[in-house]
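Novice: structural data only, the sequence is not supplied:
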């Protein structure tokens, strides 16, 4: 009986040591889920000038997803894993929801990266996210101006 207990304890410890660091869903896979959700929200209909800005933000966000995909390949992570979106979006206005998803993704991938091959990809993804955030801010401003002056022209 003691031998079985020791064997089970050894197996539990061994599995913990051999566990995938930082876990089954590394931070950049969580970021990928958030970015994917942001792209879905960005594709909703809006005024022409807002769509233009969001279209550019959408391209930047897709670029960030591509960089994360390449980093995941370098780290040999499975992209089929789809962790849940990190952010609760219930009741949030469109632009706030998009910005919150982008910030959450940036926070996830800004963590320390152990794999030197993936660092460059991570840094490019952060740049893409930052540029996407700028474009979302511009789209939100344009939308506000459109709403404010609708019918006054």
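Specialist: Thanks, I have the structure now. Since we're looking at a predicted model, the values are computed, not measured. Residues are numbered from 1 along each chain as shown.

Novice: so who does residue 132 touch?
Specialist: Residue 132 makes contacts with 38, 57, 58, 60, 61, 64, 102, as judged by Cβ atoms under 8 Å, 6 or more residues apart in numbering. For every residue, glycine as well, the C-beta is placed using N, CA and C.

Novice: repeat that with 10 Å
Specialist: 35, 38-39, 42, 54, 56-64, 98-99, 102, 105-106 (Cβ atoms under 10 Å, 6 or more residues apart in numbering).

Novice: next one: residue 127
Specialist: Applying Cβ under 10 Å, 6+ apart, we find residue 127 in contact with 60, 63, 64, 67.

Novice: now with 6 Å, please.
Specialist: Going by Cβ atoms under 6 Å, 6 or more residues apart in numbering, residue 127 touches no other residue.

Novice: close enough to count as contact, residue 39 and residue 63?
Specialist: No. Counting by Cβ atoms under 6 Å, residue 39 sits too far from residue 63 to count as a contact (11.0 Å).

Novice: buried residues in the strand or helix carrying residue 141?
Specialist: Assigned by DSSP states H and E, residue 141 belongs to helix 116-149. Judged by neighbour count using 16 or more other Cβ atoms under 10 Å, the buried positions of helix 116-149 are 118, 121-122, 124-126, 128-129, 131-133, 135-136, 138-140, 142-143.

Novice: same thing with stretch 53-66?
Specialist: 53, 54, 56, 57, 58, 59, 60, 61, 62, 63, 64, 65.

Novice: closest one to residue 148 out of those, please.
Specialist: Residue 148 has its nearest neighbour among the buried residues of stretch 53-66 in residue 53, at 16.6 Å by Cβ to Cβ.

Novice: how near is the closest one to residue 131?
Specialist: In this structure, residue 53 and residue 131 are 12 Å apart, going by Cβ to Cβ, to the nearest Å.

Novice: and residue 60, how far is that from residue 147?
Specialist: Plainly put, residue 60 is 24 Å away from residue 147 if you go by Cβ to Cβ.

Novice: what strand or helix carries the spatially most central residue of the chain?
Specialist: Geometric centre of the chain, nearest residue: residue 31, 2.6 Å, by Cα atoms, centre = their mean. For residue 31, the host element (DSSP H and E) is helix 27-42.
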